[in-house]
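S.K.: Provided below for reference: sequence and predicted model.
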Amino acid sequence: MVFVTGGTGFIGTKLVTELVQKGHIIHVLRWPTSNTEGLEHERIHLFTGDLMDCESLRKAIEGCTQVYHLAAYAKNWAKDSKTFYQNNVEGLCNV
């Protein structure tokens with residue numbers, strides 16, 4: 001099984017699709033508001049959570065032997081400058 005963060009994003013959906021085509025079972029961590037269009041497949045399991053919520057990470061990664069970490073805050077601006085650090089540094093550390 002393969003765990004993918006950012007699996008609902010532009011690059012992530014392409015990766016998840018390719019991994020499924022190669023026969024893998026995929027666990028995708030997603031926000032409740034994420035667009036999951038194109039991720040409807042019996043070998044794709046969606047887990048609602050957040051990089052800052054270690055319990056949701058544990059549940060989603062359980063049983064996986066590979067990890068692809070694609071999630072990031074990649075916008076040009078955030079209301080709170082801590083958003084970049086929390087998502088891109090602390091989130092990576094949590095994974």
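M.R.: Nice, I can see it. Quantities reported herein were computed from a predicted structural model and do not represent experimental measurements.
S.K.: tell me the contacts of residue 30?
M.R.: 7, 8, 36, 46, 47, 48, 49 (CB atoms under 8 Å, 6 or more residues apart in numbering). (Glycine included, C-beta is placed from N, CA and C.)
S.K.: go again using 10 Å as the cut-off
M.R.: 4-9, 12, 36, 39, 46-50, 56, 60, 71 (CB atoms under 10 Å, 6 or more residues apart in numbering).
S.K.: likewise for residue 2?
M.R.: Residue 2 is in contact with 15-16, 19-20, 22, 24-28, 43, 64-68, counting by CB under 10 Å, 6+ apart.
S.K.: what about it, distance to residue 44?
M.R.: Shown here: residue 2 relative to residue 44, a distance of 10 Å by CB to CB, to the nearest Å.
S.K.: what do the two both touch?
M.R.: 16, 19, 20, 24, 25, 26, 27, 28.
S.K.: can you add secondary structure and distance to residue 76 and give the residues you listed back as TSV?
M.R.: Compiled in TSV, the shared contacts of residue 2 and residue 44 are given as follows (DSSP: H, G, I helix; E, B strand; the rest coil; distance: CB to CB, whole Å):
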residue	secondary structure	distance to residue 76
16	helix	26
19	helix	30
20	helix	32
24	coil	34
25	coil	36
26	strand	30
27	strand	30
28	strand	26
